[in-house]
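Chemist: Next come a sequence and a model predicted from it.
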Amino acid sequence: MSRPVGHPVELAELDLYDVWTTTPALTDRFDPFSFPQRMAAYRALVHASNPNNLFGPDNRGNPLWGLVLQTQWQFRSGRLGTHSRQDGRIDPDAAWGYGNYSVNV
């Protein structure tokens, strides 16, 4: 699989890479409690916030990567809900999920 333009090469070494590169782009409907859709929204934000390579040609200096990596960690560690890894849903009652909700939406 080739690395999409605008991603730091180190991204391919992280568990985030598969989600980041295979999640479909957003459409006119957005479910903020769907982990893949939330990551697609972050992907759109990261790419849109790098006009004229402000954060470098591979976007590595973009501060939004911190939010993306934190959300992946929350998902991987079960902080987004006890069943989030099985069903890809962010539990509406998960405090960690609301911690980054307002930035995403």
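Modeler: Done, it's in.
Chemist: Would you mind confirming that S49 makes contact with N62?
Modeler: Yes: shown here, S49 and N62 form a contact pair, counting by CB atoms under 8 Å, at 6.2 Å. Quick note: C-beta positions are derived from backbone N, CA and C, even for glycine.
Chemist: Neighbour count: these two, which is higher?
Modeler: More neighbours surround N62 than the other of S49 and N62, with 20 against 13 (other CB atoms under 10 Å).
Chemist: Quick one: residues contacting the closest residue to F33 other than its chain neighbours.
Modeler: Excluding its sequence neighbours, the residue lying closest to F33 (CB to CB, 6 or more residues apart in numbering) is I90, at 4.6 Å. By CB atoms under 8 Å, 6 or more residues apart in numbering, I90 lies in contact with P32, F33, S34, F35, R38, F75, L80, G81, S84, G97.
Chemist: anything in contact with each of S49 and N62?
Modeler: With CB under 8 Å, 6+ apart, S49 and N62 have common neighbours F55.
Chemist: Perfect, that will be all.
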